[in-house]
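Colleague: Quick one: sequence and predicted model below, then my questions.
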Amino acid sequence: MSRFPNPFSSSSSSSSQPSPAIVPDQQSTPQEETPSRVRNDNPNPRTTAAGFDPEALERGVEAIKKINSSQNAKKVFEITKKQEETRQAEMHVKKAEFEALQAQHETERQRVIYEEQKKLVKQQAETKAQMARYEDELTRKRMQADNESQRARNRELVKMQEESSIRQEQARRTTEEQIQAQRRQTERERAEMERETIRVRAMAEAEGRAHEAKLAEDVNKRMLVERANAEREKWVAAINTTFDHIGGGVRAILTDQNKLVVAVGGITALAAGIYTTREGARVIWGYVDRILGQPSLIRESSRGKYPWSGMISRGISTLSHKTEGPGAKIGNGFGDVILHPSLNKRIEQLAGATANTKSHQAPFRNMLFYGPPGTGKTMAARELARKSGLDYALMTGGDVAPLGSQAVTKIHQLFDWSKKSRKGLLLFIDEADAFLCERNKTYMSEAQRSALNALLFRTGDQSKDIVLALATNRPGDLDSAVSDRIDEVLEFPLPGEEERFKLLKLYLDKYISKVGERKSSWIPSFFRKEQQKIEIKGLTDDILREAAVKTEDFSGREIAKLMASVQAAVYGSQDCVLDPNLFREVIDYKVAEHQQRRNFADAKDGSV
Ligand SMILES: Nc1ncnc2c1ncn2[C@@H]1O[C@H](COP(=O)(O)OP(=O)(O)OP(=O)(O)O)[C@@H](O)[C@H]1O
């Protein structure tokens, strides 16, 4: 859009400064203005084919003509020129202003563009950061979801594995229980059969024996009747003869006065003599028994009831052993007591130490043997006393309580008696917990407490005469003052497999192999009762080892009893032969019996 005024345009009247040329224009007649007005009102303007309107040019030419015809043409030109120059200057100014404005606009536009770009960049950066955050968030969430699903899968897997292992375990248990039940059933059936067999055998045996006995009884009866008749006749003859003599004598006394007096006096004196002698002997014997006799608390002793009885029994034992042959061994060493090698060694060391203690006149050491019942505590104590060269006396803790108020006196008597041993004495108190338990127990009687105090008093100092050996299954029950007096503590565990094997061998030897062997002895065979000999067929060490494995948890006593049962089963059999089958049968039912006993005990423990 141009802001310059067009001198040839009719609209140039809008110029700010009126030109002299225009003045005439303004003063022009209405006739002069008509063409233009006509022109303006021309509803059909003339145009070239290209659309150019020549009217303006025509008007311009007309105006120039008018100016040229005017006297002030030059002035008009100058004014017009000046006007033009002014207008041009204005135009320049306006142009400069416009350019400045444009430049400002441009600057503003650039600034705006810059701002916009900056904003855009910032926005882009923010969008990018947000995108990155969003992506990061997404990745994190995806990873979390992945992890979560992985964990869930793992959990599921672990659960499935656990369920599977539980199922397997249950299946295994069920199978095991079924096998156990089957085994128990089989064992029960076998035990039942064995019992039945043994019962039938025993019955057959008993019947046989009864029959034999009946036959023997008949013969004996006949013999006895004959013997009794002979005896009766003999006695009748003797009585008749005696009464003949007595009758003669009585008749003589009754007829002679002096003889009658002497006879009555003699009979009276004899009766008085007999009575006095009997009572006197009773008093003296009581005194001797109190001084020399063995206290009633002692159940078993190597010293015998009286000093001379020890000598007699030793003599007899020496005699009987001597008669067994030149190489005959006195005792079995520790051969009869089968213990774990370490325990055996410890007892041997203790025996050696005790023997030396006595020879050096040093004080003895007291001992405590503890362990399950029937593990050889008493036997070991006996052997220990024998090996250490001491006398040996056994009492049981359970015997003290029934003595009541007598208990204290008996304990003192026991220690007084023990002190009399020349060699020193090992006093073994079995079931010590029954007597020496904690003093403040409510169920302990006053008499029992006093007896315990008496024992504590007698054992307060270390003794050079008495070794106290206590045995108990419950060492924890002992009074603390008693425990304080113990110097050596030995545990007797249940025998291990090797010990069980040795025990089986020992008792097989004792109860079966050596049974019925004819021993040369000083006792006449007439008085000796011989047992029937047992034949052993094919009982190898392997079978004994197999039995040792089966008899796990058996005590020494149980193994001894088991072999006694084997002996009974052999005697129950017809041919008195022990073969592997019979041996295994007895072992199996004894093991089942043991198991049953344990179950009862467990049930009892559970119910307590
Ligand atoms: N270690 C063993 N060696 C050989 N026989 C044994 C052994 N243990 C036990 N016995 C057998 O058991 C029987 C009892 O043994 P002992 O009296 O020595 O046992 P305990 O431990 O003292 O028992 P409790 O605690 O019941 O008094 C013995 O007569 C013997 O037949």
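Modeller: Yes, it's here.
Colleague: For the ligand, what is the nearest residue in this protein?
Modeller: At 2.2 Å from the ligand, residue 556 is the closest residue in the chain, using C-beta to the nearest ligand atom. (Each C-beta comes from the backbone N, C-alpha and C, glycine too.)
Colleague: got a list of what the residue nearest to that residue when sequence neighbours are not counted touches?
Modeller: In space, and not counting its chain neighbours, residue 556 is closest to residue 376: 5.0 Å by C-beta to C-beta, 6 or more residues apart in numbering. By C-beta atoms under 8 Å, 6 or more residues apart in numbering, the contact list for residue 376 reads 337, 338, 339, 492, 556.
Colleague: what's residue 397 in contact with, if anything?
Modeller: 429, 430, 431, 432, 433, 434, 435, 436.
Colleague: Which single one of these is nearest to residue 123?
Modeller: residue 433 (95.6 Å; C-beta to C-beta).
Colleague: Surely that closest one and residue 474 touch.
Modeller: Yes: with contact defined as C-beta atoms under 8 Å, residue 433 counts as touching residue 474 (4.9 Å).
Colleague: more neighbours, these two?
Modeller: Neighbour count, other C-beta atoms under 10 Å: between residue 433 and residue 474, residue 433 has more, with 22 against 12.
Colleague: related to what we said a few turns ago, among the contacts of residue 397, give me the pair with the biggest separation.
Modeller: Going by C-beta to C-beta, the pair spanning the contacts of residue 397 furthest: 430 and 436, at 11.5 Å.
Colleague: out of those two, which sits in the busier spot?
Modeller: The residue with more neighbours, out of residue 430 and residue 436, is residue 436; 25 against 22, by other C-beta under 10 Å.
Colleague: Can you name the residues that contact that one?
Modeller: By C-beta under 8 Å, 6+ apart, the residues touching residue 436 are 397, 429, 452, 455, 470, 478, 479, 482.
Colleague: so which of the contacts of residue 376 comes closest to residue 297?
Modeller: So of those, ranked by how close each gets to residue 297 (C-beta to C-beta), first place is residue 492, at 23.7 Å.
Colleague: how about the nearest residue to that closest one, chain neighbours excluded?
Modeller: Excluding its sequence neighbours, the residue lying closest to residue 492 (C-beta to C-beta, 6+ apart) is residue 371, at 3.2 Å.
Colleague: Do I have it right that that neighbour meets residue 495?
Modeller: No: with contact defined as C-beta under 8 Å, residue 371 does not reach residue 495; the gap is 10.5 Å.
Colleague: higher neighbour count, those two?
Modeller: Set residue 371 next to residue 495 and count neighbours by other C-beta under 10 Å: residue 495 wins out with 27 against 19.
Colleague: Give me the secondary structure label for the more buried one.
Modeller: Classification of residue 495 using DSSP: H, G, I helix; E, B strand; the rest coil returns coil.
Colleague: What are the phi and psi values at it?
Modeller: The phi/psi pair for residue 495 (degrees, to the nearest 10) reads phi -60, psi 140.
Colleague: where are the low-confidence patches of the stretch 51-200 of the chain?
Modeller: 51 (pLDDT under 70).
Colleague: just the helices in it please.
Modeller: 55-69, 73-255 (DSSP state H, counting those that start in this stretch).
Colleague: tell me which strands and helices the last one is in contact with?
Modeller: Pointing back at helix 73-255 there. Other helices and strands packing on helix 73-255, by 3 or more C-beta pairs under 8 Å, 6 or more residues apart in numbering; DSSP states H and E, are helix 55-69, helix 257-292, helix 556-572, helix 580-607.
Colleague: Please identify the most buried of these.
Modeller: With neighbours defined by mean count of other C-beta atoms under 10 Å, none of the helices and strands packed on helix 73-255 is more surrounded on average than helix 556-572, at a mean of 20.
Colleague: helices or strands up against the next helix or strand along the chain from that helix?
Modeller: Downstream of helix 556-572, the next assigned helix or strand under DSSP states H and E is strand 577-578. Judged by 3+ C-beta pairs under 8 Å, 6+ apart, strand 577-578 is in contact with strand 535-536, helix 556-572.
Colleague: Restricted to helices, list the contacts of residue 376.
Modeller: residue 556 (DSSP state H).
Colleague: any idea which element residue 483 lies in?
Modeller: Judged by DSSP H and E, residue 483 forms part of helix 480-484.
Colleague: Figure out how far that helix is from the centre of its chain.
Modeller: When C-alpha coordinates are averaged (C-alpha atoms, centre = their mean, to the nearest Å), helix 480-484 and its chain have centres 30 Å apart.
Colleague: buried sites along it?
Modeller: By neighbour count on 16 or more other C-beta atoms under 10 Å, the buried set for helix 480-484 is 481, 482.
Colleague: got a list of contacts for it?
Modeller: Contacts of helix 480-484 (C-beta under 8 Å, 6+ apart): 368, 432, 436, 438, 439, 452, 455, 456, 470, 475.
Colleague: How much space separates the residue nearest to the third one when sequence neighbours are not counted from residue 468?
Modeller: Of all residues not flanking residue 436 in the chain, residue 482 sits nearest, at 4.6 Å (C-beta to C-beta, 6+ apart). Shown here: residue 482 relative to residue 468, a distance of 9 Å by C-beta to C-beta, to the nearest Å.
Colleague: Might one say that residue 423 is in contact with residue 390?
Modeller: Yes: look at residue 423 against residue 390 with C-beta under 8 Å: they come within range, at 5.5 Å.
Colleague: who has more neighbours, these two?
Modeller: Taking other C-beta under 10 Å, residue 423 and residue 390 do not tie; residue 390 has more neighbours (25 against 15).
Colleague: Tell me the confidence at the more buried one?
Modeller: pLDDT, residue 390: 86.
Colleague: How about residue 479?
Modeller: Reported pLDDT for residue 479: 87.
Colleague: count of residues packed around it?
Modeller: Using other C-beta under 10 Å, residue 479 has 23 neighbouring residues.
Colleague: residues touching it, list them.
Modeller: 436, 437, 438, 439, 452, 456.
Colleague: so the closest residue to residue 302 other than its chain neighbours bridges to which residues?
Modeller: Spatial nearest neighbour of residue 302, chain neighbours left out: residue 392 (4.2 Å); criterion: C-beta to C-beta, 6+ apart. As for beta bridges, residue 392 partners with residue 426 under DSSP bridges.
Colleague: Could you do residue 466 as well?
Modeller: Taking DSSP bridges as the rule, residue 466 bridges to residue 425.
Colleague: Give me the phi and psi for the residue lying farthest from the centre of the chain.
Modeller: When distances to the mean C-alpha position of the chain are computed (C-alpha atoms, centre = their mean), the maximum falls on residue 71, with 145.4 Å. Here is the backbone geometry of residue 71 (degrees, to the nearest 10): phi -70, psi -30.
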